[in-house]
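*Asks:* Sequence first, predicted coordinates after that:
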Amino acid sequence: MVAMARNLVPFSAMARNLKKKKRIPKTHKASKKGKGTSKTTQQDAKVLSKENDWGETKNLTVDILNSPGLVGEFESGDSVPPLEVNFDTEADVSGGAVVDMRKHLDNEPSGIVSKDDKKLTKRAKKKLKEKRELEIRAAEQKRLEGGQAPDSVDGYEQLVRASPNSSFVWIKYMAFLLSIADVEKARAVAERALQTINFREEEEKLNVWVALFNLENVYGIPPNEAVLKVFQRALQYCDPKKVHLALLGMYERTEQQEMADQLLKAMTKKFKTSAKVWLRNLQNLLKQGSDAAEMVLNRALVSLPRHKHIKFISRAAVLEFKIGSAERAQLLFEGVLRNYPKRTDLWSVYLDQEICRGDASVIRSLFERVTCLDLPPKKMKFLFKKYLDYEISQGEESRIEYVKIKAMEFVNNKLG
């Protein structure tokens, strides 16, 4: 009996283990704070969701992908492009009626705003601000130039308070003070303008600096030193090249040739890679009739980057046509067109300059050369139209018909 009892012990233990395995595990109680659920409950919910909703989800996915009106048909591996929504009007999916999307957006919570909407809003605000500034500036200019300018300091103070970033108003204020011989107050107004105008308005600030150049050039003691002091200050706050060019313009307007020559010499060393600076130097020499123009041209081509050569040569040739030698200008254009014969922009500038000179034989020979080139139809259309406009301006019917026939021959050759 004892042996049998010993043998029954393991079987009873096995039974107890089986009962434990068959027990359904109880769900864990929620936390004391009432947040969260047990892991078993979450797993059961996921399983139920998969079992109950999988068929519907799968069918919905198939319907969406097979809908040609929404995303079109896609093969395996293709990426679905983003859905584009027009926020002005959009077709209602259910009934095809037009729905104003702004109403839906207004009903959305304030926190749900896309970045694109914010960008559009900022852009619209910026455009509106610029439009208002232009309107205010136009009204101020009309008022000041139309005989309605203030005749007192208080009137100008109101104007500068209304438009603190307008250099036009500040400069008019300075001119009014100079007209009543109050030079010191005009200087003080210029300093106020430099401190008041927003630092982003670089052009407006530069205009005030130029006004100070002009003021010191007339009322400074001595003028040259006073101008140079203002010039050194302006270099600290504005683009150095623009400041140099502004001072050069003042010297040229007031015919201070010696100061202009000294400044240009310094500028060609400081800004040796600027085509604009070399062109101003060349222009200055051509106005004086100096023989150093050709030497400066060669120096500029050595100093300038290669990608600026065509622009510099073409503009130098235009300067030669206007205030220099037409023969040198023709040599410059011929040289650059020899290397770049398909640049219709260069041909156009060359023709315009020759048309201004008025030598019909030279103009027609240029047109004949350029219309015989093998260029794309779009460029040839531009050149033939320019040729025809010139002949129409001359009024010779035979020449007009000749250009039309020449253009038709080019079209027939291209089509044939």
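*Replies:* Ah, there it is.
*Asks:* Quick check: buried residues in stretch 392-399?
*Replies:* residue 399 (16 or more other C-beta atoms under 10 Å). To be clear about C-beta, it is placed using only N, CA and C from the backbone, and glycine gets the same treatment.
*Asks:* likewise stretch 182-194?
*Replies:* Residues 183, 185-187, 189-190, 193-194 are the ones in stretch 182-194 that count as buried (16+ other C-beta under 10 Å).
*Asks:* any chance of those in a markdown table, plus pLDDT and distance to residue 207?
*Replies:* Formatted as a markdown table, the buried residues of stretch 182-194 follow (pLDDT from 0 to 100; distance: C-beta to C-beta, whole Å):
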| residue | pLDDT | distance to residue 207 |
| --- | --- | --- |
| 183 | 94 | 19 |
| 185 | 95 | 19 |
| 186 | 95 | 15 |
| 187 | 95 | 16 |
| 189 | 95 | 14 |
| 190 | 95 | 11 |
| 193 | 95 | 9 |
| 194 | 95 | 11 |
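*Asks:* Tell me if I'm right that residue 242 and residue 207 touch.
*Replies:* No - the pair residue 242 and residue 207 does not pass the contact test of C-beta atoms under 8 Å, sitting 10.9 Å apart.
*Asks:* if you count what's nearby, which of those two comes out ahead?
*Replies:* The neighbour count for residue 242 versus residue 207, taken as other C-beta atoms under 10 Å, is higher for residue 207 (19 against 15).
*Asks:* Skip the chain neighbours and tell me the closest residue to that one.
*Replies:* Closest residue to residue 207 apart from its sequence neighbours, by C-beta to C-beta, 6 or more residues apart in numbering: residue 167 at 3.8 Å.
*Asks:* swap in residue 308?
*Replies:* Nearest non-adjacent residue to residue 308, counting by C-beta to C-beta, 6+ apart: residue 275, 4.9 Å away.
*Asks:* Output the below-cut-off pLDDT ranges for this protein.
*Replies:* Scanning the chain for pLDDT under 70 picks out the ranges 1-120, 136-137, 139-148, 416.
*Asks:* For it, just list every one of the strands.
*Replies:* Here the chain has its strands, by DSSP state E, at 89-91, 98-100.
*Asks:* got the buried residues for stretch 260-270?
*Replies:* The neighbour-count check on stretch 260-270 (16+ other C-beta under 10 Å) flags 260-261, 263-264, 267-268 as buried.
*Asks:* Put the alpha carbons of that stretch into CSV.
*Replies:* Once non-C-alpha atoms are left out, stretch 260-270 reads as follows in CSV (Å, rounded to 0.1, in the frame of the first residue of the first chain):
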residue,chain,number,x,y,z
ALA,A,260,38.1,110.4,-60.2
ASP,A,261,41.4,109.2,-61.8
GLN,A,262,42.9,108.5,-58.4
LEU,A,263,39.8,106.6,-57.2
LEU,A,264,39.6,104.5,-60.4
LYS,A,265,43.2,103.6,-60.0
ALA,A,266,42.5,102.3,-56.5
MET,A,267,39.3,100.5,-57.7
THR,A,268,41.0,98.6,-60.5
LYS,A,269,43.5,97.2,-57.9
LYS,A,270,40.9,96.5,-55.2
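*Asks:* I figured residue 163 hits residue 172, correct?
*Replies:* No - using C-beta under 8 Å, residue 163 is not in contact with residue 172; the gap is 10.8 Å.
*Asks:* Thank you, goodbye.
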